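1. Structure, please.
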Amino acid sequence: MKKKVLAAMSVLLSMSLLAAGCGSTDSTGGSDSAAAGSEAEAEVSAEAEAEEEEEVVSVAEIDYTNINYDFSEDIAEERAAIQIVPDAADIDLSVADENGATGVVLSASVDETNTTDYYLNAMVAGNALVFTSENSGIASASSSVSGDLAVEDGAVTVVPSAMVVAEATDEVFTFTLEDGTTYNVHTWNELLPYFEVTGDGVSEDNAGVYSFAIDKFMLRVNTDGELVYYRNMNCVGEEIMAENFATQETADGTYYTTFVELRPEYRNSNGGFSSGFYLVMDANYADADEVTLLANTEENHTHGQGYLDQHEFVVLGANHYLTLSYTPQLVENLPDGVEGLDGGNTAYVWAGVFQEIQDGEVLNEICTTDYPMLYESAVEKIDYANSTDEGTYVTINNEEVFSTGDGWMDYVHPNSLDYTLDADGNIDKLLVSMRDQCAVYQFDFSTGAMEWILGGKASTITGYEDYTSTRTDDNGEEFTALTYAQHYARYTNKNEDGTLTEDPIISIFDNQTGTAPFITVVDPPTLTRTLKVAIDEDAQTAVVSDVINGTDLNEKSEKYHIASHCGSVDYFNSTSVVIGWGLHGVIDNLGAYVPEGTITDAGYDDLRQGSRPVFTEYDMENDSITFELSVTRNVNITSSEAMFSYRTYKTAE
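-> Sure thing, here's the model as predicted:
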């Protein structure tokens, strides 16, 4: 591992050699020789100083584990077993989006006795829909909003009216075929959740669109409360996760991405991570790519194809991605003092793998098992001595349940990646939030050097003491926590070209996960907050600012602003902070139809689905909520999964 000290030694050696040469000057060329020597010394010294600036010291030893694995056969088999577009209804009427959006097909009603009503599976607001009948032909058509529709060359082309989510606006198109058959086509899918929108209204300057996923629906809602896009992904199956839908804007254009699970048994008992692929759609919402962890031949990271995790996927440009994987590994580099299997230094763990790929090639990769310090600084899932690759029994709701995923120790649990670029457009720094470390890390991406750690047991940054609490790890040992089970760390002061010309300022969604509040408040409580942190990299200090406590927002909308897991925050400006409220396992698992009062807290007699918002747009300057959306599950959805949205992303359009 390269160190600054090596560069410093190089500088001293160069200066010594120059000094020896300067001692032999003649009487005729002494001054010229001295000047030349000085120039040469200055040139070499400058080169050495430049080299010194390029060297990066790591605050953690790097020990490349280089563990080989290959899931390519499993991935191929599992991918072939699921659908991401449902079969179209078996009727003589079909639909297509004018710009080729994927998933725009007609689905039958969940009521199998209903043979006249059909529903769009996906829709892009403002795009024309083209309806055709292959056999009988369309005789006439009408809209519940605009009346009769023209039939031209056997097809009907129509742009649906705006859909207001709080009103579940449903435009119904009625088609009569030449054989007399009549079909009603609904623009509002019958499985969509029930929406509630509140707030004082978003200013014109902050107008935009929110992207998120709920109950396997990819959704986009604008700041006027209109549905911009939806796609129903329930066709993947009840046991398969489809989550983390995002809009990604790049210099190469706009993309839309969502995660699709392939191997649900790899989840632990509480969920938390998953194994699958990312679906990439182009600007017209047409499926364009499916991405997994790529096989790698790099010297320190040789392996085959792997799964991606749902927590993060970044589009950097056309066919250019930053990916995150949870990969099970048997490691042999636990440090002294950390007990592994049979008292040794081995353990089964979930590794975090961060990979930059472009045009199907791996450009760079970082793996958390290459940093032995992380085993020791972890605060959760640290029973390495009892780790196993054969699964284990865990207790859930006082019942013993077998879990494959819980055998490996989820000791890092990376849940967000962000990056900066250098002047040449290459990834320079990598910002990683690791939940089970209760810390945020910055890596030098090219060297893998861990540059600084904010929070947790091994923090290299100080100065945030007024914002800490004392927590205990899974072994009962206390540590000082700035954040606890935090999610979604982002650079907030990047330039438009992705570079960072000043010390970083980052934002964090800090869950502060606890066992309460609900029913009876137990210490410690879950008191979610968001914050910004300015890092002085030379002084290794931090200044915390713009803290937003979730409980402070409760009285502004009578909603419950707490997240035990997941979540996101983006500080756009002083009048626009968008907070995604992630998951509160107890509330979101119970549903809207359990008895009222099943879960309560001080000031809240009824904490069921819908009591927590999906996201909030908050005006810090005027201390007001400008837009807030809440949902409850559609009665037609059958699912054992909690109803939540992992994150919410806002873009200008």
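2. Quick check: neighbours of the host helix or strand of residue 470 in the sheet, parallel or antiparallel?
-> Per DSSP states H and E, residue 470 falls inside strand 469-472. Looking at strand 469-472 with DSSP bridges, its partner strands are strand 478-481 (antiparallel).
3. Please save the CA atoms from the strand holding residue 470 in PDB.
-> The C-alpha coordinates for strand 469-472 follow below in PDB (Å, rounded to 0.1, in the frame of the first residue of the first chain):
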ATOM      1  CA  SER A 469     -25.500   9.600  21.700                       C
ATOM      2  CA  THR A 470     -24.200   6.600  23.500                       C
ATOM      3  CA  ARG A 471     -25.200   3.300  21.900                       C
ATOM      4  CA  THR A 472     -24.300  -0.300  22.400                       C
END
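4. What are the buried residues along it?
-> residue 471 (16 or more other Cβ atoms under 10 Å). In short, each C-beta sits where N, CA and C put it, glycine included.
5. what mean pLDDT would you report for it?
-> If you average the pLDDT over strand 469-472, you get 94.
6. tell me how far that strand is from the chain's mean position?
-> 26 Å (Cα atoms, centre = their mean, to the nearest Å).
7. Need the residues that contact it.
-> With contact meaning Cβ atoms under 8 Å, 6 or more residues apart in numbering, strand 469-472 is reached by 379, 438, 478, 479, 480, 481, 484, 512, 524.
8. Tell me which of those has the lowest pLDDT.
-> Looking at the contacts of strand 469-472, model confidence by pLDDT dips furthest at residue 524: 72.
9. Chain neighbours aside, what residue packs nearest to it?
-> Sequence neighbours aside, residue 514 is the residue nearest to residue 524 in space, at 4.0 Å (criterion: Cβ to Cβ, 6 or more residues apart in numbering).
10. The closest residue to residue 233 other than its chain neighbours: what's it in contact with?
-> Once flanking residues are discounted, residue 233 sits nearest to residue 242: 4.0 Å by Cβ to Cβ, 6+ apart. By Cβ under 8 Å, 6+ apart, the contact set of residue 242 is 213, 216, 218, 233, 234, 236, 258, 259, 260, 261.
11. one more time with 6 Å
-> When contacts are counted by Cβ atoms under 6 Å, 6 or more residues apart in numbering, residue 242 touches 216, 233, 236, 260.
12. Go through those and give me the one with the most neighbours.
-> Highest neighbour count within the contacts of residue 242: residue 233, with 26 neighbours (other Cβ atoms under 10 Å).
13. Assess the claim that residue 646 and residue 246 are in contact.
-> No - the pair residue 646 / residue 246 is not scored as a contact, 9.7 Å apart, by Cβ atoms under 6 Å.
14. Can you pick out the most distant pair from the contacts of residue 242?
-> 216 and 260 (9.6 Å; Cβ to Cβ).
15. if we can go back for a sec, quick check: the residue nearest to residue 524 touching residue 526?
-> Yes - the pair residue 514 / residue 526 is scored as a contact, 4.4 Å apart, by Cβ under 6 Å.
16. Flag the shaky bits of the stretch 401-550 of the chain, pLDDT-wise.
-> 515-523 (pLDDT under 70).
17. For it, which segments are assigned as helices?
-> Assigned by DSSP state H, counting those that start in this stretch, the helices in the stretch 401-550 of the chain fall at 550-557.
18. same thing with the stretch 51-200 of the chain?
-> Along the stretch 51-200 of the chain, the segments classed as helices by DSSP H, counting those that start in this stretch run 72-80.
19. quick one: low-confidence parts of it?
-> Low-confidence segments of the stretch 51-200 of the chain (pLDDT under 70): 51-54.
20. now the contacts of strand 469-472 in a markdown table, with neighbour count?
-> Output for these, formatted as a markdown table (neighbours: other Cβ atoms under 10 Å):
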| residue | neighbour count |
| --- | --- |
| 379 | 24 |
| 438 | 28 |
| 478 | 9 |
| 479 | 18 |
| 480 | 15 |
| 481 | 25 |
| 484 | 22 |
| 512 | 22 |
| 524 | 17 |
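21. Mind listing residues that contact stretch 203-222?
-> Outside stretch 203-222, the residues that reach it (Cβ under 6 Å, 6+ apart) are 165, 193, 223, 227-234, 242-243, 245-247, 258, 576, 631, 637, 645, 648-652.
22. right, and out of the contacts of residue 242, which lies closest to residue 374?
-> Proximity to residue 374 was ranked across the contacts of residue 242 by Cβ to Cβ; first place goes to residue 260, at 28.8 Å.
23. Which of the helices or strands spans that closest one?
-> strand 253-261.
24. what does that strand contact?
-> Contact partners of strand 253-261, identified using Cβ under 6 Å, 6+ apart, comprise 218, 240-248, 274, 276-281, 283, 310, 313, 315.
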